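# Generate coordinates for the sequence data below:
(one chain, ligands or ions: 1)
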Amino acid sequence: MSTEKEYSFFQSVERSFDKASSYTKWETGILEQIKACNSVYSMKFPVKMDDGRIEVIEAYRVQHSQHKSPCKGGIRFSMAVNQDEVMALAALMTYKCAIVNVPFGGAKGGIKISPRTLSPYELEKITRRYTSELVKKNFIGPGIDVPAPDYGTGEREMAWIVDTYQSLKPGEIDAAGCVTGKPISLGGVRGRKEATGLGVFYGVREVCLIPEVMAKAGLTVGIENKNIVVQGLGNVGYYTAKFFREHGAKVIAIAEYEGAIYCKDGLNEEDVFQHRKATGSILNFPGATNIEKSSDALEMECDILIPAALENVIDGNNAPRIKAKIIGEAANGPLTPEADDIFAKKGVLVIPDMYLNAGGVTVSYFEWLKNLSHVRYGRLEKRFTENANMQILKQIEDLTGKQVTTAEKLIIAHGPDEIDLVHSGLEETMITATKEIMEIWKENPSIPDMRTAAYVCAINKVGTSYAELGIFP
Ligand code: NAD
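Model (predicted):
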């Protein structure tokens with residue numbers, strides 16, 4: 001029987017945790033507390049549908065850990081939502097936040113609905129009612145628990161949440177920070193849309209800059225000229241492909257559910273996206289070869305494989321046929337535990353999802369900070385920096401007697417906008433997280449893979465918080 005069938009999602013997260021905790025020095029009690037889900041709110045509420053029927057909606061909010069406040073995690077709208085899944089995803093949020101040094105506990109929410117079968121008015125009623133249930137039980141707030149978009153939700157739902165919260169909490173000055181992923185006009189931050197793909201790029205780039213890692217993989221240092229295969233041309237896949245291409249790598253294949261395309265000279269993701277929009281398929285893209293069976297693209301000869309679509313796409317069956325030297329888990333859970341074991345034995349480096357796709361939560365943290373400070377990033381320093389840079393440049397020009405061009409002047413003087421600061425904050429976050437995980441792995445070479453090293457990193461940070469908090473008498 002396969003491992004996936006034997007264990008629930010939450011139990012398999014616990015298994016990965018247990019495997020990693022054997023490489024830490026925490027006493028059992030602390031480990032048990034880190035692992036436990038602190039609060040589980042399971043609710044049911046009635047909603048009158050457009051046809052007059054009353055439907056009872058099943059929903060959850062799980063706060064896995066309050067070692068830091070607030071807790072943070074997305075809200076999922078899907079018929080597959082159940083308590084075990086929400087608990088597992090909330091636990092993963094605790095570890096993800098710890099790895100990228102985002103000072104939040106982990107949480108997750110879910111409503112068991114099929115958003116595509118509901119009208120916008122029904123969705124709005126359900127979202128607003130869910131929010132008011134969270135308010136009633138003190139399960140939402142800028143200092144308590146801050147939801148965000150996830151599967152089936154986006155800016156629109158976050159706008160309904162913030163509006164409901166604000167109307168129930170009049171005068172709460174930081175109310176905009178009760179949820180992230182909002183439209184810019186309601187307190188959202190620039191750079192959120194591309195954040196996960198950009199974080200994936202920064203994370204893979206940092207790993208590829210480590211000479212020992214690349215020597216082991218039989219690759220040259222850096223991402224330039226590396227051949228990349230991307231599965232999924234959605235939000236994460238599109239931006240990951242874009243940043244790789246812009247930094248000199250070649251995206252040689254893109255896989256979507258209708259098939260895959262290949263071009264040895266590299267594909268431009270925007271052209272492919274427009275072609276798919278116009279024709280309804282990525283197949284028959286000019287200059288590319290069709291691959292009828294989409295999953296065959298995963299098995300192509302390449303340097304880096306980026307699964308950015310769904311979970312469990314690489315399992316014990318296809319893992320032995322995968323030829324990539326590095327796999328960057330942009331999607332959540334694209335590899336099964338069997339695939340993980342096969343890659344560890346083959347020496348293929350798997351860069352784990354919990355760290356690699358943390359760009360979204362990192363930029364959500366920046367949005368929350370923006371909401372608490374009530375000022376757009378860059379507003380205070382942009383002009384000051386530009387004026388100071390212009391003065392320095394003028395002095396240099398006067399002293400050297402040489403002039404730079406107007407275009408060069410604009411680049412040198414440029415003071416940071418919100419988008420510049422968000423991207424730079426994300427880059428710093430991914431660089432630091434990579435260093436921390438790799439140091440743990442280097443110090444203990446018996447750790448079997450980077451995923452376990454990432455878990456060790458998370459356990460150590462959360463464990464330190466609990467140990468320093470002390471245990472209430
Ligand atoms: P998305 O819906 O925008 O894109 C997913 C894409 O995958 C779609 O274009 C879809 O057609 C394609 N796809 C579906 N089945 C496929 C198949 N069998 N083969 C190839 N392609 C297939 O979703 P997204 O936001 O890009 O998320 C992708 C993954 O990344 C998910 O696992 C998600 O949980 C994870 N993730 C997303 C974010 C984020 O900020 N969006 C953050 C962290 C993790």
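
# Only C-alpha atoms from now on, for both contacts and neighbour counts.
Fine.

# I'd like to know how many residues surround whichever residue of the stretch 51-200 of the chain sits closest to the ligand.
Nearest to the ligand, among the residues of the stretch 51-200 of the chain, is T196, at 4.9 Å (C-alpha to the nearest ligand atom). Neighbour count of T196, defined by other C-alpha atoms under 10 Å: 27.

# so who does the nearest residue to it once chain neighbours are set aside touch?
With C-alpha to C-alpha, 6 or more residues apart in numbering as the criterion, T196 has its nearest non-adjacent residue at 4.3 Å, and that residue is G359. Residues in contact with G359 (C-alpha atoms under 8 Å, 6 or more residues apart in numbering) are 195-200, 426, 430.

# ok, 6 Å please
By C-alpha atoms under 6 Å, 6 or more residues apart in numbering, G359 lies in contact with 195-196, 199.

# okay, it: pLDDT?
G359 carries a pLDDT score of 97 in this model.

# mind giving me the domain ranges of this protein?
With domains defined by automatic domain parsing, the chain comprises 39-185, 195-356.

# for the residue sitting furthest away from the middle of the chain, phi and psi?
The outermost residue of the chain relative to its centre, with distances by C-alpha atoms, centre = their mean, is G401 at 49.2 Å. Main-chain dihedrals, G401, degrees, to the nearest 10: phi 70, psi 10.

# just to revisit the earlier point, can you read off the backbone torsions of the residue of the stretch 51-200 of the chain closest to the ligand?
phi -70, psi -50.

# can you redo the domains of the chain as JSON lines with mean pLDDT?
Below are the domains of the chain laid out as JSON lines (pLDDT from 0 to 100):
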{"stretch": "domain 39-185", "mean pLDDT": "97"}
{"stretch": "domain 195-356", "mean pLDDT": "96"}
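
# Dump these into JSON lines; add distance to H414 as well.
Shown next, in JSON lines, are the domains of the chain (distance: least, C-alpha to C-alpha, whole Å):
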{"stretch": "domain 39-185", "distance to H414": "23"}
{"stretch": "domain 195-356", "distance to H414": "21"}
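
# Any residues of the stretch 201-350 of the chain in contact with the ligand? List them.
Within the stretch 201-350 of the chain, the positions near the ligand by C-alpha under 6 Å from any ligand atom are 231-237, 255-257, 308-311, 330-332.

# of these, buried ones?
Among those, those buried by neighbour count (16 or more other C-alpha atoms under 10 Å) are 231-233, 236-237, 255-256, 308-309, 330-332.

# Looking at these, which are in strands?
Those of those mapping onto strands are 231, 255-256, per DSSP state E.

# Can you add distance to R376 and give those back as CSV?
Output for those, formatted as CSV (distance: C-alpha to C-alpha, whole Å):
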residue, distance to R376
Q231, 35
A255, 38
E256, 37
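
# which one among the residues you listed gets closest to the ligand?
Checking these against the ligand with C-alpha to the nearest ligand atom, the nearest one is E256 at 3.5 Å.

# tell me the contacts of the closest one?
G232.

# same check, this time on N225
Neighbour list for N225: 248-249 [criterion: C-alpha under 6 Å, 6+ apart].

# where does it fall, helix, sheet strand or coil?
Per DSSP: H, G, I helix; E, B strand; the rest coil, the local secondary structure of N225 is coil.

# now swap in R205 and tell me
Here R205 is recorded as helix under three-state DSSP.

# V221 versus that one, what's the distance?
From R205 over to V221 the distance is 9 Å, taken as C-alpha to C-alpha, to the nearest Å.

# Show me which of those two is the more surrounded one.
Per other C-alpha under 10 Å, whichever of R205 and V221 has more neighbours is R205, with 20 against 17.

# So V200 belongs to a helix, correct?
Yes: with three-state DSSP as the criterion, V200 is part of a helix.

# What backbone torsions are found at the spatially closest residue to it that is not a sequence neighbour?
Spatially, and ignoring its direct neighbours in sequence, V200 is nearest to L356 (5.3 Å; C-alpha to C-alpha, 6+ apart). L356 adopts backbone torsions of phi -70, psi -30, taken as degrees, to the nearest 10.

# Excluding chain neighbours, what is closest to the residue of the stretch 101-250 of the chain found nearest the ligand?
With C-alpha to the nearest ligand atom, the shortest gap between the stretch 101-250 of the chain and the ligand falls at G234, namely 3.2 Å. Spatially, and ignoring its direct neighbours in sequence, G234 is nearest to A309 (7.4 Å; C-alpha to C-alpha, 6+ apart).

# from what I can see that neighbour touches G232, true?
Yes: when contacts are counted by C-alpha atoms under 6 Å, A309 is listed as touching G232 (4.6 Å).

# Counting by contacts, list what the top helix by length along the chain packs against.
Counting by DSSP state H, the longest helix found in the chain is helix 418-443. Applying 3 or more C-alpha pairs under 6 Å, 6 or more residues apart in numbering; DSSP states H and E, one finds that helix 418-443 contacts helix 450-469.

# I'd say H64 and L92 touch.
No: using C-alpha under 6 Å, H64 makes no contact with L92, being 8.9 Å away.

# Which one's more surrounded, those two?
Applying other C-alpha under 10 Å to H64 and L92 shows that H64 carries more neighbours, namely 30 against 25.

# neighbouring contacts of stretch 213-221?
Contacts of stretch 213-221 with the rest of the structure, by C-alpha under 6 Å, 6+ apart, involve 208-209, 211, 325.

# Start and end of it, how far apart?
In stretch 213-221, first residue to last residue: 9 Å (C-alpha to C-alpha).

# mind listing what's buried in that stretch?
Residues of stretch 213-221 classed as buried by neighbour count (16+ other C-alpha under 10 Å): 213-214, 217, 219-221.

# between those residues, which is closest to N284?
L219 (31.6 Å; C-alpha to C-alpha).

# For the stretch 351-473 of the chain, which residues are neighbours of the ligand?
The stretch 351-473 of the chain comes close to the ligand at residues 357, 360, as judged by C-alpha under 6 Å from any ligand atom.
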